[in-house]
Structures are given as C-alpha cells and as structure tokens.
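A.B. asks: quick one: sequence plus predicted model below, questions after.
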Amino acid sequence: MQKIITATQTRQADQFTIANEPISSVGLMERATKSFVVKFMEEVPAKNIMIAVYCGTGNNGGDGLAIARLLSARNYTNVKVVILQHSFKTSPEFDENFRSVQKLNLPVHIIQSDDELPAETSEIIIDAVLGSGLNKPLEGILKQWIDQLNALHKKVIAVDIPTGMFADEPNQADSTKFKADLVITFQRPKLNFLLPESALVMKSWEAVDIGLDEHFIQSCESELALIEEKDIRLIFKKRENFSHKGTFGHSLIIAGKDETMGAALLTAEACLNTGSGLTTAFIPPSGLIALNTRLPEVMAGFGEPGWQKYSALAIGPGLGTDDPAVAVLKNALKNFRGPCVFDADALNMLASDKSLFDLVPEQSILTPHVKEFDRLFGSHKNWNHRIKTMQQEARERELIIVLKNRYTIIALPTGMVYFNLTGTPAMASGGMGDVLTGIIVALLAQGYSAIQAAMAGVYLHGKAGNELEELGYSVIRASELAKQVSKTIFNFK
Ligand SMILES: NC(=O)C1=CN([C@@H]2O[C@H](COP(=O)(O)OP(=O)(O)OC[C@H]3O[C@@H](n4cnc5c(N)ncnc54)[C@H](OP(=O)(O)O)[C@@H]3O)[C@@H](O)[C@H]2O)[C@@H](O)CC1
Ligand SMILES: Nc1ncnc2c1ncn2[C@@H]1O[C@H](COP(=O)(O)OP(=O)(O)O)[C@@H](O)[C@H]1O
Ligand SMILES: [K+]
C-alpha cells in the first residue's frame with residue numbers, strides 16, 4: 001500500500017529528505033531530473049529530434065533547466081530552452097541550474113510578459129513551466145502563452161504535473177492547463193491523475209522514484225492509498241493438499257432475467273474460475289438450457305433458496321428492477337446472513353428505496369459504476385466530491401464501496417480509500433462488471449474477509465485484463481476475462 005500525498009505533504013517530504021538524508025535541495029532536483037530523463041529516453045529514443053523545454057522560474061522551471069542540460073549530456077543534439085518569465089521571482093534552485101545551462105552551448109530564449117511567443121518548430125515540448133507550486137488558475141499572459149502552446153498540438157511531456165493543473169484540489173473544467181501526452185511525475189501519482197476529469201488534461205502518466213524518504217511519506221496523514229501487488233500477495237492463501245470442494249465455499253448468485261441472462265452466466269463463470277468450491281445460480285427458468293450448456297459446473301436454483309447452505313451471496317447482475325426482482329432482493333436482505341456483494345440492479349433497487357438500503361448488512365460490498373453510485377448517493381459536482389461521499393457512506397454504513405472506473409476506488413469502513421491501478425481500457429465492454437461481481441463473491445465464499453475480497457477481486461480483475469492485453473487483445477470480452485482469471489491467480493503463486 002502506497003500512501004497518496006498532497007502537494008503540501010510532497011513539499012514536506014522534499015524538506016524531510018533534504019534535512020535527513022542529507023542532500024541539498026539542488027541535489028534532490030538533480031536526482032529527480034535524472035529519473036525523469038531515464039523515463040524520457042525510453043519514450044523518446046531519437047537523439048536528433050527537436051526538443052523545446054519550456055521553463056517557469058520556480059523549481060519546476062529549475063527541473064526543466066536541469067533536464068535540458070542532462071539531455072544534452074546524453075547526446076540529444078537539438079535541445080533548446082524557452083524561459084517564460086511571467087514573474088521576476090526565481091527560486092535558488094532555478095538560479096543554480098540557470099548558471100549551469102549558461103555554461104553550455106544550448107540556445108536559451110527568455111520571453112518576458114510583453115513579448116510574443118516565438119514560432120515553435122520543435123516536435124517535442126517539455127512542460128516545466130509550473131508544477132506543484134500552482135496556487136491559482138492560470139491567468140493573464142501566462143494563460144495566453146499556454147493557450148497558444150496548446151493550439152500547436154505538439155507532443156507534450158510534462159514534468160511532475162501539467163502546468164495549471166492542481167494536484168489534489170478540484171480543477172475548474174474550463175481553466176487553462178498545458179495539455180500533456182505524458183506526465184512523468186515524481187515519486188507518486190497525484191490524486192487528480194487518478195480521476196476521470198484528468199483525461200481533459202493528460203493522456204497518461206508514469207511515476208518515477210526520486211528517492212524521497214518513503215518512511216516519511218508512509219507516516220503522512222492520508223486516507224488515500226494505492227494498492228500494490230505485494231498487498232494482494234499477502235492476502236492469497238494456497239490451496240491445501242487435502243482441500244476439497246467444501247473447503248472453498250458455496251457461492252449463491254441471484255442474477256439474470258430473460259433479456260439479460262448473459263449477466264448471470266458471466267457472474268457464474270467468473271465465480272467458478274476464481275475458485276468457488278460450489279456455485280449455484282438462481283436464474284429464471286428461461287436461462288436453464290444456456291446455463292447447463294455453457295457452465296455445467298454451476299447448479300441452477302429456483303424458488304426459495306435454502307439460505308443457510310450458502311457461504312456468500314452476489315445479487316443484482318441483469319436482475320431487473322420490477323416487482324418480482326424487488327421481492328427477491330427483500331427476501332435476500334431478510335434471510336441471508338453471510339457476506340454479500342450487491343451489484344447492478346440490486347444497487348438500482350436500493351437507490352429507489354432507501355428503507356431497503358438501510359437493511360444492507362455491515363461489511364457488505366457494493367460495486368457501483370458512476371451512474372449507479374450517483375443514483376445511490378445523489379449527483380456530484382466532481383470526482384473529488386464522490387470520494388468524500390464514498391468515504392463518509394462507507395464509514396457510516398460500515399460498507400465496502402467499490403466505485404468502478406479506469407482506476408477503481410475502494411472505500412472501507414475505516415475511512416481509508418484505495419485506488420487500484422491494474423486494468424486497461426481494453427476492458428471497457430459490456431458484462432465486465434458482472435465478471436468482477438463473480439470474482440468477488442467467489443473470494444467471499446472461500447472465506448476471505450469482505451475487505452480482502454474487494455481489494456483482491458478488483459486487483460485480479462484488472463490484472464487479468466492486463467494479461468490478456470499483453471497477449472494481443474485490443475478489446476477484451478467479459479467472457480474471456482472470466483476465463484483468464486484462473487490463470488491470473490495461478491500467476492500469483
Ligand atoms: N528540492 C525540491 O524542492 C524539489 C522540487 N521539485 C520540483 O519543484 C516543483 C515545485 O516547485 P515550486 O514550489 O517552486 O513551484 P512551481 O510549480 O515551480 O511554481 C513556482 C511559482 O509560481 C508561482 N505561481 C503559482 N501559481 C501561479 C499561477 N497561476 N500563475 C503564475 N504564477 C504562479 C508561485 O509563486 P508565488 O505566486 O507564490 O509568488 C510558485 O511558487 C515540483 O512540481 C517539482 O517539479 C523536484 O525537483 C523535486 C525536488
Ligand atoms: N477504461 C477502463 N480501464 C480499466 N477498467 C475499465 C475501463 N472501463 C471499464 N473498466 C472496468 O470494467 C468494469 C465495468 O463495469 P460495469 O460498468 O458495471 O459493466 P457492466 O454493467 O457492463 O457489467 C469495471 O470493473 C471497470 O473498472
Ligand atoms: K509542469
């Protein structure tokens with residue numbers, strides 16, 4: 001688990017590292033920019049490409065100057081520096097790197113407030129204008145310059161954070177930000193990189209280690225963290241020699257209606273492949289032939305389930321929200337006493353009847369996508385706002401809320417909020433959420449706690465997608481992912 005820290009805490013981590021390593025501030029900048037350059041060289045291997053490094057006059061600008069010098073030392077032959085002198089205030093680290101650059105044979109253009117931007121012929125722009133020191137949206141001449149640069153549609157690689165983008169405060173949708181193809185960021189991704197609004201500003205990001213004091217970072221007060229593979233490895237138990245189907249629990253899936261039987265099949269298939277000992281799917285009779293044909297390992301259930309024999313329940317995929325579906329949900333809420341995952345239409349029914357929502361047992365897992373989330377908890381002005389809501393609701397109702405997205409967010413009853421980084425846009429296809437529900441219920445049935453099942457389930461789901469993408473899938477069918485998950489778990493051994 002890696003804590004996500006704010007811009008202020010990052011500054012404190014810089015200061016702590018400087019004081020305790022010890023290392024000078026400019027030495028830390030040198031280390032950061034060397035890490036940047038290593039990643040940059042992987043992205044842009046052609047040494048003769050024209051590169052313009054746009055620098056501000058603070059430490060992000062200081063980074064830009066150091067990067068220009070380091071690229072030049074690594075035989076990039078067409079590097080120039082453009083300093084946007086929107087203010088006459090410079091940082092000492094900027095000054096020191098400016099002196100170093102002046103000793104080299106690098107073209108340096110200083111643009112002052114009443115100057116026009118010169119024509120730009122470089123193919124690559126490095127954005128080192130402003131970083132985490134941003135304290136207000138861009139305005140005046142700086143905004144004009146960045147608007148002009150955006151209009152050039154060059155390939156832009158930003159240092160640490162795109163100019164004009166706040167790291168952790170909500171960003172105004174219409175404020176000017178320097179649009180980046182790639183952000184090479186220091187030590188940790190910033191919170192806002194993980195939220196969908198960032199797509200307006202940046203296409204991708206890579207975090208590079210700059211040797212900030214990790215002990216200090218992990219001790220920062222933060223309720224936000226990234227899930228790491230090692231966290232999931234700690235969760236997984238090996239299947240024992242004398243284990244049998246009874247060891248791995250019995251999953252109950254209540255899902256599907258005539259038009260959406262596939263949702264039930266996908267949930268059940270993922271559940272099987274995640275190692276549930278037994279799986280029973282309560283589906284309408286119209287789905288029986290499909291179930292028996294496609295998934296002979298799964299038992300079909302009709303009528304009233306014998307609730308006590310099941311270890312875990314998943315309810316909702318493709319279930320519909322008509323009166324019989326409501327009756328089924330009410331019946332489950334009244335009678336089932338084991339761990340539950342509520343998905344899709346179960347969430348929609350909970351949203352339309354808050355008295356039902358209040359019956360959801362503590363430690364249950366809810367897996368809404370954003371629309372289901374807003375139906376449950378009301379509309380939100382932005383994703384930062386959604387995180388606050390899920391944190392509050394998870395705490396108050398003692399639930400595990402899994403808000404699905406590119407980076408799925410998991411809020412725990414403790415108030416901690418985890419971001420999952422596995423997954424790929426190749427997974428953006430129908431039925432993928434049903435598969436996640438099947439994975440989670442299988443983990444619950446095997447005796448993993450709700451927190452473990454949610455975290456490991458989300459991680460595995462995305463990891464299976466990554467594995468398939470590496471095998472050459474540009475789009476992944478949910479049923480392919482449901483198959484892959486068994487191999488993904490195997491790879492964990
Ligand atoms: N050793 C270290 O410390 C390391 C630091 N590192 C690097 O430092 C970066 C942070 O640097 P930074 O704090 O100097 O801030 P930066 O983003 O360059 O801004 C400069 C100044 O601009 C101003 N300003 C703010 N908003 C504005 C606006 N809208 N329009 C106009 N001006 C505005 C504001 O000045 P003020 O308004 O307060 O006078 C601000 O102070 C960080 O992202 C990373 O790249 C790494 O090298 C690792 C080691
Ligand atoms: N761009 C993406 N990157 C990573 N994962 C994605 C992406 N788009 C969708 N997913 C994943 O696919 C699943 C979609 O869930 P959901 O919207 O409920 O699908 P459905 O209702 O079709 O089953 C979620 O787990 C989500 O995280
Ligand atoms: K920047």
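C.D. replies: All right, it came through fine. Ligands and ions are numbered 1, 2, ... in the order given.
A.B. asks: T280 and ligand 2, how far apart?
C.D. replies: To ligand 2, T280 is 21 Å away according to Cβ to the nearest ligand atom, to the nearest Å. C-beta coordinates here come from the backbone N, C-alpha and C atoms, glycine included.
A.B. asks: any idea which helix or strand carries that residue?
C.D. replies: Assigned by DSSP states H and E, T280 belongs to strand 278-282.
A.B. asks: in the sheet, which strands lie alongside that strand, parallel or antiparallel?
C.D. replies: strand 250-254 (parallel), strand 299-301 (parallel) (DSSP bridges).
A.B. asks: does ligand 2 sit close to the helix or strand following the first one?
C.D. replies: I take that to be strand 250-254. Where DSSP H and E defines the elements, the next helix or strand beyond strand 250-254 is helix 261-273. No - counting by Cβ under 6 Å from any ligand atom, ligand 2 is not contacted by helix 261-273; separation bottoms out at 6.8 Å.
A.B. asks: domain map for this protein?
C.D. replies: Listed by automatic domain parsing, the domain ranges of the chain are 2-222, 229-490.
A.B. asks: can I get these in TSV with distance to ligand 3?
C.D. replies: What follows is these, written out as TSV (distance: least, Cβ to the ion, whole Å):
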stretch	distance to ligand 3
domain 2-222	4
domain 229-490	21
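A.B. asks: let's have these in CSV, adding mean neighbour count and mean pLDDT.
C.D. replies: Formatted as CSV, the domains of the chain follow (neighbours: other Cβ atoms under 10 Å; pLDDT from 0 to 100):
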stretch, mean neighbour count, mean pLDDT
domain 2-222, 19, 97
domain 229-490, 20, 97
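A.B. asks: hang on, the earlier thing: of the strands paired with strand 278-282, which is nearest ligand 2?
C.D. replies: Closest to ligand 2 of the strands paired with strand 278-282 is strand 250-254 (Cβ to the nearest ligand atom; 13.8 Å).
A.B. asks: from the centroid of this structure, which residue is nearest?
C.D. replies: Central residue of the chain (Cα atoms, centre = their mean): Y407, 2.3 Å from the mean position.
A.B. asks: look up the closest residue to it, ignoring the ones flanking it.
C.D. replies: L194 (4.5 Å; Cβ to Cβ, 6 or more residues apart in numbering).
A.B. asks: my guess is that neighbour contacts N420. True?
C.D. replies: No - counting by Cβ atoms under 8 Å, N420 is not a contact partner of L194; they are 9.6 Å apart.
A.B. asks: picking up where we left off before, how about residues contacting the strand holding T280?
C.D. replies: Contacts to strand 278-282, defined as Cβ atoms under 8 Å, 6 or more residues apart in numbering, come from residues 245, 248-256, 264-265, 267-268, 271-272, 291, 297-302, 305, 310, 328, 442.
A.B. asks: got the residue ranges for the helices in the stretch 351-493 of the chain?
C.D. replies: Listed in chain order, the helices of the stretch 351-493 of the chain (DSSP state H, counting those that start in this stretch) span 354-357, 370-377, 383-397, 432-445, 450-470, 478-490.
A.B. asks: how about the contacts made by the residue nearest to I141 when sequence neighbours are not counted?
C.D. replies: The shortest distance from I141 to any non-neighbouring residue, by Cβ to Cβ, 6+ apart, is to S113 (4.9 Å). With contacts defined as Cβ under 8 Å, 6+ apart, S113 is in contact with 85-86, 141.
A.B. asks: just I18 next, same as before
C.D. replies: I18 makes contacts with 24-25, 28, as judged by Cβ under 8 Å, 6+ apart.
A.B. asks: check which helix or strand covers it.
C.D. replies: I18 belongs to helix 7-20, assigned by DSSP H and E.
A.B. asks: does any part of that helix sit near ligand 1?
C.D. replies: Yes - Helix 7-20 is in contact with ligand 1 by Cβ under 6 Å from any ligand atom, via D14.
A.B. asks: for the stretch 251-400 of the chain, give the residue positioned nearest to ligand 1.
C.D. replies: For the stretch 251-400 of the chain, Cβ to the nearest ligand atom, closest residue to ligand 1: N384, 19.2 Å.
A.B. asks: what's the distance between that residue and M1?
C.D. replies: Separation of N384 from M1 (Cβ to Cβ, to the nearest Å) stands at 21 Å.
A.B. asks: try D209
C.D. replies: Distance from D209 to M1, by Cβ to Cβ: 16 Å.
A.B. asks: still on that earlier bit, could you dump the contacts of I18 to CSV with secondary structure?
C.D. replies: Below are the contacts of I18 laid out as CSV (DSSP: H, G, I helix; E, B strand; the rest coil):
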residue, secondary structure
S24, coil
S25, helix
L28, helix
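A.B. asks: E206 belongs to a strand?
C.D. replies: Yes - applying three-state DSSP, one finds E206 inside a strand.
A.B. asks: wait, what's in contact with it?
C.D. replies: E206 is in contact with 39, 182-185, counting by Cβ under 8 Å, 6+ apart.
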